[in-house]
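Chemist: Got a predicted structure plus its sequence, pasted below:
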2 protein chains.
Amino acid sequence: MNKEEAFLNIISKTLSDSSFLGDDCAYLKEYNLAVSSDTLVEDVHFRLKPNVGAISPYALGKKALLVNISDILAAGAKPEYLTISLSGSLDAEFLEEFYKGVDETCKTFDLKVIGGDLTGGDKVSVSITIFGNTKNRMVSSRAGAKEGYIVLLVGEHGSSAVGLSVLNAANCNIFLGKEAFKGDFIQAHIEPKLYPKISETVATKAKNPYAMMDTSDGLYDALKKISKASNVGFNIDYDKVPKKCVALQDGTKIPDFNTVLFGGEDYGLLICVDKKDFDTFGAELLSLGAAEIGTVTKTPGGNKILIDNKEIGEDLRFEHFE
Amino acid sequence: MNKEEAFLNIISKTLSDSSFLGDDCAYLKEYNLAVSSDTLVEDVHFRLKPNVGAISPYALGKKALLVNISDILAAGAKPEYLTISLSGSLDAEFLEEFYKGVDETCKTFDLKVIGGDLTGGDKVSVSITIFGNTKNRMVSSRAGAKEGYIVLLVGEHGSSAVGLSVLNAANCNIFLGKEAFKGDFIQAHIEPKLYPKISETVATKAKNPYAMMDTSDGLYDALKKISKASNVGFNIDYDKVPKKCVALQDGTKIPDFNTVLFGGEDYGLLICVDKKDFDTFGAELLSLGAAEIGTVTKTPGGNKILIDNKEIGEDLRFEHFE
C-alpha cells in the first residue's frame, strides 16, 4: 500500500459515510450529475518560469481543465460546468494568460466556468471541481469489469512521460535529427488529448455495466485499480497497446516497456466492456481510435495482470504523492 | 477598486461566458443546485502549529466546512454534498484530525463528502466545493434588494476579529478577569455560528426577490456589495447591529465601531426583504435571532451607506487578498 492509498484509507475510516468515495468521480444519481475535484500544485505537478521544464500560465490553464475533463469522460458523463479555485502569488498577466487557456478549452468542450475563488499564497495551486451530465447515460465504475469482458485502450501511452523527461532535460540532444518527435512528446505532456466521443459512445450505448478509467497515473495503475475493485485479472497483448515509439540514434526505443506501462499523465481511456456490448459498438470505438488490447480474466487463487502472458508487479509504479 | 476586484474583472473579461460569476454561489437552475468554491491557505487564512494563533487540524476541518456552508446558506439553499481537495506536507495524524472535524460538521448539517483530492505541497491548502439543493426555494441575489426593503442581520459582529487579535497576541492580558469573553471571541473566530433555519425561512417563504449575503468579509463589505449590485443605499441603526461588546479594565469597549463594521469572518447573514414578506415571516426571523437593523434606501445622485445617518466610506475595508 502506498502513501496515497494509506491516506485515503484514513479518510474513509474517519468519515461516518464514505459511500461516495472510491471512483475518480462521485455520482449524484438524483441530480444526474458526476462530480470530480482535482488539484494541481506548483513544483508538484508543474513548474513555472524561470525553471527548466516550466509551463506557461496559458498552457497551465488548458491542462488544469483537461485533466479534470478527463475524469468526467472516464465516468461516462458529459462535462458541463466547473469551478476554479486559484491561489498563489498571482499577478494580472498570469491571470489573463491562465484564463485565456481556460476559455479556449471551455469552448472546445462546450463547458462553462460557474465560480471559483482567488486567494494569496506562496506557490500557485489550481483546484478545479467539474460537473458532468449523466442523463441517458450509464456511468462507469471501477467495479464494473467482469471475466470475459473485452479490454480497449485509446491514447498514446508513455508519450507524456517522455515529454516530461524532454522538458526536464530542456536541451537534451537524444532527439538529434528527430525534433518533430520531441515536439509531439512535449505536446502529449502539456496538452493531453482527450476522447469525448469514445466516452459518449460507451456511456450511451452500453447495456451492461462496464469499467472505464483514465490512465492519468499510468496504464498499469488503471489496470490494477480495476483489478482490485472488480476482483478480476487481465491478459493484455503489449503489441496492441497504443503508443508512438521512436528509435533514437543509439537504437534505443522510447518510450520503453516500463514507460508505456508506468509512465503517468497519458489521460487515455481504459475500457472494459461486455462481449455483447462490444459486438454492438466495438467497431465504432475502433474507428474512433481505440485498440482492442486484451481480455478481463479470473484466476482462482489470485487475479493476475498478465502482459504478454507474464505477470507484472507494481514495483515500478508511478507515485505522484510524495 | 481593490486587487481582488481588479482580478475578478480580468477573469470576467477573459472568459467568453462569465454570466454565472458574481454571487458567492453559482446557481444551476436546471439541476436545482447552488454551487460554491472556497479555498483556505496556510499562512493566509490560518496558521498551523507551532505558531502563535495556530489552529488545530480538527478545528481547521470544521472551519473549512463552515465557511463553505455559509455561502450555500447565503444563497438560500440547503447544503447537501461537498468535495475536499487537500494539499500540503500532510501526515496521517493531520489527516485523521482534520477529517474528524469534517465529519462532525457533516453530521451537524446532514452533509456528505462525495470526493476530493490529496496532493503534496509545501503549505497546507484546503479547497472545498459545496452543493446546495434549491428545490422549492427562491435563491438569493446580491441584486435582489429594492428601496423600502427591511434590512435584517444575524450574528455577533466584530467578535471574530477580536478573537483573531486575541489568538495572535496569545497571552494578551487585556481580558484580565474576563477570561470567559476571551474564550467566546476565540470561539467565534475558530468555529463561526451559522444560521440554517433563518436561511431556510427566507428562501422557502419569500414571495418577492430578496438579497442575502454572509458577512464573511465584514458587515460593511456585505452592505457595499449589495449596494453596488442592487443599485441601492442603506440606512442602518448601529445600536441595533447584533454584537457582543465587553468593557475592558481601561474602559475601552471591544469590539469598537470599526471592528463591528469592518472586521471579517463573522459569517452572519445580512438579509434585505420586501416589506410584505417581512410582514409574513419577519417575526419568525426575529424569534430565530435576527435583528431588524434598518432599511434599503435610494438616493438621487448616488446611493449612500448611512450608519446612524452618517455616510461611511470604505477606507477601513477588510481586505483578505494580499
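Modeler: Here it is on my side, so go on. All values derive from a computational prediction rather than experimental measurement.

Chemist: Where does residue A:126 sit: helix, strand or coil?
Modeler: Judged by DSSP: H, G, I helix; E, B strand; the rest coil, the three-state class of residue A:126 is strand.

Chemist: Can you spell out which residues form a bridge with it?
Modeler: Beta-bridge partners recorded for residue A:126 (DSSP bridges): residue A:40, residue A:86.

Chemist: Which elements pack onto the one helix or strand residue A:59 maps to?
Modeler: Residue A:59 belongs to helix A:57-75 when assigned by DSSP states H and E. Other elements packing on helix A:57-75 under the criterion 3 or more C-beta pairs under 8 Å, 6 or more residues apart in numbering or on different chains; DSSP states H and E are strand A:33-41, strand A:78-87, helix A:92-109, strand A:125-133, helix A:179-190, helix A:196-205, strand A:211-214. Every C-beta, even on glycine, is put in place using the N, C-alpha and C of the backbone.

Chemist: So which bits of the longest one are buried?
Modeler: What that stands for is helix A:92-109. A:94-103, A:105-106, A:109 (16 or more other C-beta atoms under 10 Å in any protein chain shown).

Chemist: Just the C-alphas of stretch A:216-228, formatted as CSV.
Modeler: Extracted in CSV, the C-alpha atoms of stretch A:216-228 (Å, rounded to 0.1, in the frame of the first residue of the first chain):
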residue,chain,number,x,y,z
SER,A,216,-3.7,9.6,-15.6
ASP,A,217,-1.5,7.6,-13.2
GLY,A,218,-0.3,5.2,-15.9
LEU,A,219,-1.7,2.3,-17.7
TYR,A,220,-0.6,-0.3,-15.1
ASP,A,221,-2.2,1.8,-12.3
ALA,A,222,-5.5,1.8,-14.1
LEU,A,223,-5.4,-2.0,-14.7
LYS,A,224,-4.5,-2.5,-11.1
LYS,A,225,-7.3,-0.3,-9.7
ILE,A,226,-10.0,-2.0,-11.9
SER,A,227,-8.4,-5.4,-11.0
LYS,A,228,-8.9,-4.6,-7.3
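
Chemist: near chain B, anything from it?
Modeler: No: Stretch A:216-228 lies out of reach of chain B by C-beta under 8 Å from any C-beta of the partner chain, never closer than 11.6 Å.

Chemist: can you list the residues that contact that stretch?
Modeler: Contact partners of stretch A:216-228, identified using C-beta atoms under 8 Å, 6 or more residues apart in numbering or on different chains, comprise A:67, A:70-71, A:142, A:145, A:153, A:157, A:211, A:213-215, A:232-234, A:236, A:241, A:260-268, A:270, A:272, A:303, A:305, A:312, A:314, A:316-318, A:320.

Chemist: In ChimeraX, select just the buried ones from those residues.
Modeler: Provided next is the ChimeraX selection string for whichever of those are buried by 16+ other C-beta under 10 Å:
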select /A:67,70,71,142,145,153,157,211,213,214,215,232,233,234,236,241,260,261,262,263,264,265,266,267,268,270,272,303,305,312,314,318,320
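
Chemist: Among the contacts of stretch A:216-228, which lie within helices?
Modeler: Here DSSP state H is the test, and the contacts of stretch A:216-228 give A:67, A:70-71, A:260-262 as lying in helices.

Chemist: Chain B: which of the residues you listed is nearest?
Modeler: residue A:71 (9.5 Å; C-beta to the nearest C-beta).

Chemist: The closest one: what's it in contact with?
Modeler: Residue A:71 is in contact with A:24-25, A:36, A:38, A:130, A:214, A:216, counting by C-beta under 8 Å, 6+ apart.

Chemist: Pull the most distant pair out of those.
Modeler: A:130 and A:216 (13.7 Å; C-beta to C-beta).

Chemist: More neighbours: which of those two?
Modeler: Per other C-beta atoms under 10 Å in any protein chain shown, whichever of residue A:130 and residue A:216 has more neighbours is residue A:130, with 27 against 22.

Chemist: My read is that that one contacts residue A:82, right?
Modeler: Yes: the criterion here is C-beta atoms under 8 Å, and residue A:130 meets it with residue A:82 at 4.3 Å.

Chemist: which neighbours do these two share?
Modeler: With C-beta under 8 Å, 6+ apart as the test, residue A:130 and residue A:82 both reach A:68, A:111.

Chemist: quick revisit: could you redo the helices and strands packed on helix A:57-75 as TSV and give each row mean pLDDT?
Modeler: Output for the helices and strands packed on helix A:57-75, formatted as TSV (pLDDT from 0 to 100):
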stretch	mean pLDDT
strand A:33-41	90
strand A:78-87	93
helix A:92-109	95
strand A:125-133	93
helix A:179-190	83
helix A:196-205	98
strand A:211-214	96
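
Chemist: Dump these to TSV, plus distance to residue B:189.
Modeler: As requested, these are arranged in TSV below (distance: least, C-beta to C-beta, whole Å):
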stretch	distance to residue B:189
strand A:33-41	26
strand A:78-87	21
helix A:92-109	30
strand A:125-133	24
helix A:179-190	43
helix A:196-205	46
strand A:211-214	41
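
Chemist: Which one of the ones you listed lies nearest to residue B:164?
Modeler: strand A:78-87 (20.0 Å).

Chemist: where's the closest one relative to the chain centroid, distance-wise?
Modeler: Offset of strand A:78-87 from its chain centre (C-alpha atoms, centre = their mean, to the nearest Å): 17 Å.

Chemist: quick one: buried residues of that strand?
Modeler: A:78-87.

Chemist: looking at chain A, which residue lies furthest from center?
Modeler: Distance from the centre of chain A peaks at residue A:250, with 31.4 Å (C-alpha atoms, centre = their mean).

Chemist: Let me see the contact set for the closest residue to residue A:244 other than its chain neighbours.
Modeler: The shortest distance from residue A:244 to any non-neighbouring residue, by C-beta to C-beta, 6 or more residues apart in numbering or on different chains, is to residue A:156 (4.7 Å). Applying C-beta under 8 Å, 6+ apart to residue A:156 gives the contacts A:188, A:193, A:242-244, A:266, A:268.

Chemist: same thing but at 6 Å, please
Modeler: The neighbourhood of residue A:156, defined by C-beta atoms under 6 Å, 6 or more residues apart in numbering or on different chains, consists of A:242-244.

Chemist: Backbone dihedrals for it, please?
Modeler: For residue A:156, the backbone dihedrals (degrees, to the nearest 10) come out as phi -80, psi 110.

Chemist: And the residue of the stretch 151-300 of chain A found nearest chain B, how far from residue A:133?
Modeler: Distances between the stretch 151-300 of chain A and chain B by C-beta to the nearest C-beta are smallest at residue A:216, namely 11.6 Å. Computed as C-beta to C-beta, to the nearest Å, the residue A:216 to residue A:133 distance reads 22 Å.

Chemist: Please apply the same query to residue A:93.
Modeler: Distance, residue A:93 to residue A:133, using C-beta to C-beta: 35 Å.

Chemist: Could you do residue A:113 as well?
Modeler: From residue A:113 across to residue A:133, the span is 16 Å (C-beta to C-beta).

Chemist: who's more crowded, these two?
Modeler: residue A:113 (26 against 18).

Chemist: and the more buried one, what is it in contact with?
Modeler: Contact analysis of residue A:113 by C-beta under 6 Å, 6+ apart lists A:82, B:15.

Chemist: ok but it is inside a strand, no?
Modeler: Yes: counting by three-state DSSP, residue A:113 is located in a strand.

Chemist: quick one: secondary structure of residue A:20?
Modeler: Per three-state DSSP, residue A:20 ends up coil.

Chemist: Quick check: it touching residue A:28?
Modeler: No: using C-beta atoms under 6 Å, residue A:20 is not in contact with residue A:28, being 8.4 Å away.
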